[in-house]
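Colleague: A predicted structure for the sequence below; I have some questions about it.
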Amino acid sequence: MKRPIPARAVLGAFILLLAAAPFVLPSFYMTLLNNIGLASLVVLGLVLLSGVAGLTSFGQAAFVGLGAYISAALSANVVPLPQALDWLHSPWAALFVALALTALLALAVGAITLKLSGHYLPLGTIAWGISLYFIFGTLESMGGQTGMSGIPPITLLGASLSSDRAIYGLIWLAVILGVAALNNLLDSREGRAIRALKGGMVMAEAMGINTARSRTVIFVIAAVLAALSGWLYVHMQRFVNPSPFGLGFGIDYLFMAVLGGASYVWGAVLGSTVIVVLKEWLQGVLPALLGRSGNFETIVFGLLIVVLLQRSRDGIWPYLARLVPVRARRIELDLQAEPLPRRPMPNPNEVVLDVRDVTRRFGGLVANNNMNLKVVAGEVLALIGPNGAGKSTLFNQVSGVDTPTSGSVQFRGHEVTGRGSRHIAGLGMSRSFQHVRLMPRMTVLENVAIGAYLRGKRGVLAAMLRLDRREEARLLAEAARQIERVGLKEQMFEQAGALSLGQQRILEIARALAADPCLLLLDEPAAGLRLGEKQALGDLLRKLRAEGMAILLVEHDMDFVMELVDRIVVMDFGQKIAEGLPEEIQNNRAVLEAYLGVADEEEGGAGAGAQSAPPQAAIAGAQHGQ
Ligand SMILES: Nc1ncnc2c1ncn2[C@@H]1O[C@H](COP(=O)(O)OP(=O)(O)OP(=O)(O)O)[C@@H](O)[C@H]1O
């Protein structure tokens, strides 16, 4: 097996090669490299948007056009300006105007399109992609479909970047800075929030992440990167017309992202390189081979997409990474980092959660019917009941995933009925899920750090510029402490997807604890755990209870419940049928009936059997049998 090369050495070699290129390569290759760099900038945005966050956009070429057209209009004096604003005609000033206007338009377009989900979102991006393209064609003052020339080159330190060789350095500087900024972003609090978008809105919002904001932020970043590419392009070509900004190019960019490896930042450069070079080569070879002219390369690309999607959805970056193994930078943990501030715990016996007459109807089905329960600080309350009793539905009403049809939920004295889960998480309620919701490709440490999202403040820009390191060290140290606390220290740097289901459940508890909650909602925490793991979980929950935490859990494992909890609420058909101490519940006839379907004693049969069995075993046995 090859020894991995340090990432810095590979990057250094790559930059050296890039720096040497203008001194050794003929003009044709400089044009090719420029085109690769320009495409890479757009595809970088797509990696963030589609690969990392799962939002597919076909419309990026239109943003390239926007950057190009705005800069062309300003710098070629198409827009008449008063003399005081003459400086706006410089390509550099035009760059800032182009980026700012593109960001504004992306905000507006994003506000409409990003509400769409599933395949409606890509369709939405196609719609505005086409619209913008046609708008460019209608700009008569800029030559309409024919286009316009006379756009000045960029000048830098008195030198005019009018040749391919001259502008090459600026293009690739932008690419390298773009790669660095995105890598920095993804390795930060906001980056984890963006990566969590792929895990679904419910999990991300429950961790306090404003998913709508995160989606908008990456949409704007991707649009600005595309506009930057457009600016460089238009001042390199010194000519603009709508054709390079149409839907076909939008598809090409997406293909570059998929081919390179949509979830790898460097995959953007790889995908762009392969497609730009292949296109150039095929455009020469295929017409000569077939004896007539035409865009035959499009057919080859179509076939290539189909093969790629079937054989390697992760693109070709993983193959390259295997060929040249790079030693990834391991996250550095500073366990001495100043601990994050903690929220004050509720007073002993303070009512932390108060559920009053909560009813939730789904059409004709009443999943929760006038449910009432209270959880006090320093108590573990179990919510039990047969499958379909309505426990998870109640969890959703409490945690803000869903809104009750009627009734109210109060958390620490705040009315939280119908407030979103993000708001409730901010007040100190944190949860795990019945079906684990974590990011399988992120490490255990990073997954748990998502839970601490609300305990940090540094934003996207600070992350890109690496100004967030102190806070980041504190967040990671907190995540590491919670991981140790739940007993997953050995697995800290493993991918979460490689853990057993039981360990993944424990990870979710660590993630919930990283939020510093005062109420913990655990949905079937013991499911899939081995005996030793269950005992360790029980010990942990007892310790948390002793610290004053309130815990509400849904659980089917009756041995686990009876040994651990202080009180039990039993549900059946959406209603509360019993409430009391574990020993009271074990002897409660209504509970036995609910679990075993026991009829009145007089009817005998199953009822008689159930009566003779020890109640706890009867409940547990019935549950397992379901
Ligand atoms: N979004 C929904 N739309 C329609 N019906 C729903 C919805 N969510 C839950 N239900 C129904 O509400 C009832 C209660 O379901 P719920 O998942 O809350 O039960 P549960 O007690 O958590 O069951 P389990 O122990 O199997 O998880 C079920 O009949 C279920 O089919």
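Modeller: Great, that's in hand. Residues are numbered from 1 along each chain as shown.

Colleague: Every contact and neighbour count from this point should use C-alpha atoms.
Modeller: Noted.

Colleague: got a list of what Met207 touches?
Modeller: Arg422, Ala425, Ser430, Ile450, Gly451, Ala452, Tyr453, Leu454, Ala512, Ala515 (Cα atoms under 8 Å, 6 or more residues apart in numbering).

Colleague: List phi and psi for Arg431.
Modeller: Dihedral pair for Arg431: phi -140, psi 160, per degrees, to the nearest 10.

Colleague: For the residue nearest to it when sequence neighbours are not counted, identify the helix or strand it belongs to.
Modeller: Once flanking residues are discounted, Arg431 sits nearest to Leu521: 4.5 Å by Cα to Cα, 6 or more residues apart in numbering. Using DSSP states H and E, Leu521 sits in strand 519-523.

Colleague: tell me the average confidence for that strand?
Modeller: Here strand 519-523 scores 95 as its mean pLDDT.

Colleague: so what does the next helix or strand after that strand touch, helix or strand wise?
Modeller: Note on strand 519-523: by DSSP H and E, the next helix or strand toward the C-terminus is helix 531-546. Other helices and strands packing on helix 531-546, by 3 or more Cα pairs under 8 Å, 6 or more residues apart in numbering; DSSP states H and E, are helix 469-486, helix 558-564.

Colleague: just those: most buried one?
Modeller: Per-stretch averages of neighbours, counted by mean count of other Cα atoms under 10 Å, single out helix 469-486 among the helices and strands packed on helix 531-546, with a mean of 22.

Colleague: Pretty sure Leu282 sits against Glu297.
Modeller: Yes - Leu282 lies in contact with Glu297 (Cα atoms under 8 Å); the separation is 5.6 Å.

Colleague: what sits in contact with each of the two?
Modeller: With contacts defined as Cα under 8 Å, 6+ apart, no residue is shared by Leu282 and Glu297.

Colleague: so which residue of the stretch 401-550 of the chain comes closest to the ligand?
Modeller: When scored by Cα to the nearest ligand atom, the stretch 401-550 of the chain has Gln434 as its residue closest to the ligand, at 7.4 Å.

Colleague: per-residue confidence at that residue?
Modeller: Looking at Gln434, its pLDDT stands at 87.

Colleague: Number the residues from 8 up from this point.
Modeller: With the count now opening at 8, the last piece we talked about shows up as Gln441.

Colleague: still on that earlier bit, taking the contacts of Met214 one by one, which sit in helices?
Modeller: Secondary structure assignment by DSSP state H places Arg429, Ala432, Ile457, Gly458, Ala519 of these in helices.

Colleague: Can I get these in CSV including pLDDT, neighbour count and distance to the ligand?
Modeller: CSV is the format used below for the ones in helices among the contacts of Met214 (pLDDT from 0 to 100; neighbours: other Cα atoms under 10 Å; distance: Cα to the nearest ligand atom, whole Å):
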residue, pLDDT, neighbour count, distance to the ligand
Arg429, 94, 24, 20
Ala432, 95, 25, 21
Ile457, 96, 32, 25
Gly458, 96, 32, 24
Ala519, 96, 28, 20
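
Colleague: Would you list the phi and psi of the residue of the stretch 8-157 of the chain found nearest the ligand?
Modeller: At 17.7 Å from the ligand, Ser124 is the closest residue in the stretch 8-157 of the chain, using Cα to the nearest ligand atom. Main-chain torsions, Ser124, degrees, to the nearest 10: phi -130, psi 170.
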